[in-house]
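1. pasting the structure only:
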């Protein structure tokens with residue numbers, strides 16, 4: 001998969017692309033990552049990429065010419081990428097969107113700053129996606145979050161596929177609780193069943209824990225989740241256990 005990020009501050013991506021899951025994906029050449037410095041497509045001494053807004057004069061707006069020149073240059077060398085504009089006005093980003101974008105051959109993120117993009121740039125944008133109902137100074141850090149979530153969905157990027165499948169939201173359920181050594185700390189013990197070695201029972205316990213945590217913390221997710229037969233059976237057991245404690 002190819003990922004390009006169009007930005008006026010490509011330096012902020014240097015540590016991001018050297019470490020962690022994304023760094024390993026790039027090192028293994030599973031992901032081909034490139035930043036495109038928008039200032040390379042300016043023609044003035046100050047390498048200007050923004051200007052005052054028409055009408056109000058309030059705030060600065062990303063100029064149309066550098067973006068179009070960058071895009072023309074890119075598609076003269078490569079097939080047209082899928083262009084994403086991170087924006088609070090876009091569709092809310094979630095696990096399904098990460099999976100969908102991970103299946104594309106080439107995704108280009110346009111990082112806006114200031115008041116956003118000149119609206120004419122939207123003619124080359126394929127979709128807007130949002131990280132949430134709040135505003136940040138620039139889209140670079142938001143884009144890093146998107147890329148990390150997308151990279152995890154690409155086969156062979158994460159060492160164990162089970163790690164991805166067990167992640168919260170992968171199947172519309174939150175992740176179950178995790179423990180590591182020591183077995184006991186300040187009177188708090190790791191659940192005995194996790195130390196039993198009985199993988200069938202452990203699997204059922206973890207499924208019930210994931211269902212319980214989703215109901216408690218994100219009932220909206222639980223209500224839209226299509227339960228499998230295995231999950232229905234686990235839910236019945238969970239209710240029986242809760243009734244015994246009443």
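-> All right, it came through fine. From a predicted model like this one, the values you see are computed outputs, not experimental measurements.

2. When you work out contacts or count neighbours from here on, use the C-alpha atoms and nothing else.
-> Fine.

3. Which helix runs longest in this structure?
-> helix 199-217 (DSSP state H).

4. So which elements touch the lengthiest strand in the chain?
-> Taking DSSP state E as the criterion, the chain has its longest strand at strand 82-92. Under the contact criterion of 3 or more CA pairs under 8 Å, 6 or more residues apart in numbering; DSSP states H and E, strand 82-92 touches strand 106-110, strand 127-130.

5. so which of the ones you listed gets nearest residue 22?
-> strand 106-110 (14.9 Å; CA to CA).

6. partners of that closest one, with directions?
-> Partner strands and pairing direction for strand 106-110 (DSSP bridges) are strand 2-7 (parallel), strand 82-92 (parallel).

7. need the helices and strands packed on strand 82-92 in TSV with distance to residue 86, mean pLDDT and mean neighbour count, can you?
-> Formatted as TSV, these follow (distance: least, CA to CA, whole Å; pLDDT from 0 to 100; neighbours: other CA atoms under 10 Å):
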stretch	distance to residue 86	mean pLDDT	mean neighbour count
strand 106-110	7	98	23
strand 127-130	5	96	18
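
8. Can you check which of those strands gets nearest to residue 52?
-> Using CA to CA and comparing the helices and strands packed on strand 82-92, the one that lies nearest residue 52 is strand 106-110, at 19.6 Å.

9. and residue 178, that's in a strand?
-> No. For residue 178, which was evaluated using DSSP: H, G, I helix; E, B strand; the rest coil, the result is coil, with no strand membership.

10. Need the pLDDT of it.
-> With respect to pLDDT, residue 178 scores 90.

11. Likewise for residue 246?
-> Residue 246 is given a pLDDT of 83.

12. And residue 156, by the same measure?
-> For residue 156, pLDDT reads 89.
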